[in-house]
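Enquirer: got a predicted model here, sequence first, then my questions.
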Amino acid sequence: MMPRFLSMLAMALVAGAAVAADKYTIDSTFTVPTFEITHLGFTTQQGRFNHATGSIILDLAANKGSVEFTIDTTSVDMSSAAWSRHVADPGLFNVDKYPTMTYKSTALIFKDGKVVGADGDFTMLGITKPLHLTVSGFRCIKHPLNNMPVCGGDVTATIKRSEFGMKKYIPEVSDDIKIRVPVEAYKD
């Protein structure tokens, strides 16, 4: 009798833990990844990816969670059709061979009940490297227009593109790429 009770108690605890975590789906309309590079050493140029998807699992009471994110590299937009085609070519984003970039967290970092960062693995051009993300302005609210639960914040990171095999035009175009992603995600 006692082993059966312990087994049922363990199942109830596991089920309770699963209920505590909420899943959020990233809203692609308001989650538009951008990047910045230094061009010829004197200007900062910006680009963006017009399509990204992902999900966030949050257990705010336990300060735990995860995030998965996919960026459609074929949606790269440099505000000029010719320049967008150029950065999509092999040697740069090579979108025909690598149509996505991904991020998968290994841990979310919390401070005072808010997400302030994430550690995880970033894959670009078929190469995966650890990447720390900084999160600012994170909060969860009921959306004032549609009354649905939504969480969001601004995500930033810097990578060295050469570490992912993107070495074309270095040093004329900076090796460092600053990444910014405003993230808004609705509870499922």
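Expert: Good, I have the coordinates.

Enquirer: contacts and neighbour counts: CA atoms only from here.
Expert: OK.

Enquirer: in space, not sequence, find me the middle residue of this protein.
Expert: Phe69 (4.6 Å; C-alpha atoms, centre = their mean).

Enquirer: next, it: secondary structure please.
Expert: For Phe69, the assignment made with DSSP: H, G, I helix; E, B strand; the rest coil gives strand.

Enquirer: how near is the spatially closest residue to it that is not a sequence neighbour to Phe35?
Expert: With sequence-adjacent residues excluded and distances taken as C-alpha to C-alpha, 6 or more residues apart in numbering, Phe69 is closest to Gly54, at 4.2 Å. Distance, Gly54 to Phe35, by C-alpha to C-alpha, to the nearest Å: 18 Å.

Enquirer: got it, and Gly113?
Expert: Gly113 is 29 Å from Phe35, by C-alpha to C-alpha.

Enquirer: out of these two, which sits in the more crowded spot?
Expert: Set side by side, Gly113 and Phe35 show more neighbours around Phe35, with 19 against 15, by other C-alpha atoms under 10 Å.

Enquirer: ok so Arg85 is a helix residue?
Expert: Yes - per three-state DSSP, Arg85 lies within a helix segment.

Enquirer: residues in contact with it?
Expert: Applying C-alpha atoms under 8 Å, 6 or more residues apart in numbering to Arg85 gives no contacts.

Enquirer: was I right to think the residue nearest to the centre of the chain contacts Ser55?
Expert: Yes - look at Phe69 against Ser55 with C-alpha atoms under 8 Å: they come within range, at 6.6 Å.

Enquirer: from Ala185, how far out is the closest residue to Asp89 other than its chain neighbours?
Expert: Leaving aside its chain neighbours, Asp89 sits nearest to Val95 (6.8 Å; criterion: C-alpha to C-alpha, 6+ apart). Val95 sits 26 Å away from Ala185, going by C-alpha to C-alpha.

Enquirer: compare these two (neighbour count), which wins?
Expert: Ala185 (23 against 20).

Enquirer: just the pLDDT at the more buried one, thanks.
Expert: On pLDDT, Ala185 comes in at 97.

Enquirer: in what helix or strand does it lie?
Expert: strand 176-187 (DSSP states H and E).
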